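[1] Give me the fold of what follows.
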Amino acid sequence: MEKKDNLSNSENINIESIGPSTDDLKNRFKAESIPLQTDYSDLIDIADIGRKATGQAFGQTPSQDPTLELDSNDLLIVKIDPDGGLKRSIKGLGIKLTDSDQTKTGLSLTSSGLKVDSGLGIILTEGHGVSIQLTDSNDQTNTGLFLTTDGLRVDPGKGIKLETGHGVSVGEGNGIQVNPDDIAVKPKTNGGISVDTDGVSVKLKPNSGINVDTDGISIRSSNGIITNADGVSVKPKPNSGISANADGVSVLCWEGGGIRVTDSTGIYLKLEGGDTSGSSGTSGLSLSTNGVKVKAGNGINVDTSGVSIKLANSDQTLTGLSLTSSGLQVDDGLGIVLTKDHGISVGAGNGIQVNTNNVAVKAKTNGGIKVDQDGVSVDIQSIASALANLIIPSGTIVPFYSNGSLPNGWVWCDGSNGTPDLNTNRNGHDSGDNINLISGWGDIHTDFWQLGSGKHIAANIYYMRYIMKK
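    Numbering: from 1, shown residues only. Purely as a prediction, here's the structure:
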């Protein structure tokens, strides 16, 4: 009985057919047919295809491809590296995150893709990516910091300045002296003010007749002074600095002595920039019925301990600053570090890259992640290319039924780049025409046959180009 293959059911696919079609093989085993030995051989070869696909055929080494394995049902599946950041589900391959109560990755995966989670102090904006978020809002909350395209820095308010080499410092205004470790009131020479460890006080000349106590400044009743219900009567001593006449008693004031006498108020300290009504001016001091004291402006606190910087820290307001016995410093909170050479900086943790002018997500080389001006995304092209290189081995030859350009990672089978000349070989070997055929063999081999042609056989030829995986 002559054996004929039925080629009418062949489909245009990229896998080379082995043996006859299943319909043709069924015809050979139907009733009243006598199968040949080759038919049984073809049947066994077809059945053995599944065993070869899983690497279980005789002479094969199981699991030669490290990216494939068999599951408990002996089905061929993609092998997942437990530490590779991928997971397998009924939907297919996906990215695996390690988020839990104990482990935070800073990333979250949704149907829209992979993104960075914005925690405390971090905000995600379109066009900018990951940025630091300040708590400033409608002038209700001040952080003492502001963020520009150049980076984060302290916002120097009243009394604060930024200096190269010093960082955040107190501005030295009138009446204030800034030292390396603290600030103090600066007494004017011959200004009648004394400053020591106890605080600021009026400097009294010994035996001058002036007394300072908790009630303020008063004249000490002593020789030459009479105090009664009518007032104080002064017996001026010649050349004593006291003047007495019908209008009353007055002190003869030296213009540069720091003492002023008015018609209605009396004797008071002359302060820098003040007027005749007792204004404190710009001296940093103020006068009241209780005496003279340092005038506490914005950011300055005056109490029984002396003069100090006042911070606005509270449960509702954070300044980012703290005041200790060593002086004023910036608080290095979450994600912030203080260094001697750089001042305030953002700490670079895993997956974060701190540049000179900004903070960005750090993408691992060949990690499947892409970072650009639009944000963070999964590099699908590189993952697909890597999977293709793992699944399709180099040297694989397939027909390319298209007039388009060569796919990436493949070469034409034109005899160059170590490929067989399947596309351009037109050598007829003394025959009128030629056909290039592909056949299995024990090694790489090229040969030719010359067949006689006539009217007995018609060969329908579908011309296409062959390509080989690099």
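[2] hey, which helix is longest across the protein?
    The helix that spans the most residues within the chain, counting by DSSP state H, is helix 37-53.
[3] Going along the chain, name the helices of the stretch 201-350 of the chain.
    Counting by DSSP state H, counting those that start in this stretch, the stretch 201-350 of the chain forms no helices at all.
[4] Which residue would you name as the spatial centre of the chain?
    Ala360 (4.3 Å; C-alpha atoms, centre = their mean).
[5] mind listing what it touches?
    The contact partners of Ala360, by C-beta atoms under 8 Å, 6 or more residues apart in numbering, come to Gly129, Val130, Ile352, Gln353, Val371. Where C-beta positions appear, they are placed from N, C-alpha and C, glycine not excepted.
[6] With Asp71 instead?
    So Asp71 contacts Ile77 (C-beta under 8 Å, 6+ apart).
[7] can you pull up the bridge partners for the residue nearest to the centre of the chain?
    On the basis of DSSP bridges, Ala360 is bridged to Gln353.
[8] again with Ile259
    Leu269.
[9] hang on, the earlier thing: can you tell me which of the contacts of Ala360 are classed as buried?
    Gly129, Val130, Ile352, Val371 (16 or more other C-beta atoms under 10 Å).
[10] and which of those residues is nearest to Asp39?
    Val371 (60.6 Å; C-beta to C-beta).
[11] is the closest one in a bridge, and if so with what?
    Val376.
[12] correct me, but it touches Thr365?
    No - using C-beta atoms under 8 Å, Val371 is not in contact with Thr365, being 11.9 Å away.
[13] following the helix or strand where Gln381 lies, which helix or strand comes up?
    Assigned by DSSP states H and E, Gln381 falls within helix 380-391. For helix 380-391, the succeeding helix or strand toward the C-terminus, using DSSP H and E, is strand 397-400.
[14] Alpha carbons only: can I get that next one in PDB?
    These are the backbone C-alpha positions of strand 397-400, laid out as PDB (Å, rounded to 0.1, in the frame of the first residue of the first chain):
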ATOM      1  CA  ILE A 397      15.600  29.500  12.300                       C
ATOM      2  CA  VAL A 398      12.000  30.300  11.400                       C
ATOM      3  CA  PRO A 399      10.200  31.400   8.200                       C
ATOM      4  CA  PHE A 400       9.400  35.200   8.100                       C
END
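[15] for that strand, packing partners?
    Here strand 397-400 touches strand 465-469, going by 3 or more C-beta pairs under 8 Å, 6 or more residues apart in numbering; DSSP states H and E.
[16] returning to that earlier point: I'd like the buried ones among the contacts of Ala360 as CSV, with pLDDT appended.
    Formatted as CSV, the buried ones among the contacts of Ala360 follow (pLDDT from 0 to 100):
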residue, pLDDT
Gly129, 78
Val130, 78
Ile352, 83
Val371, 81
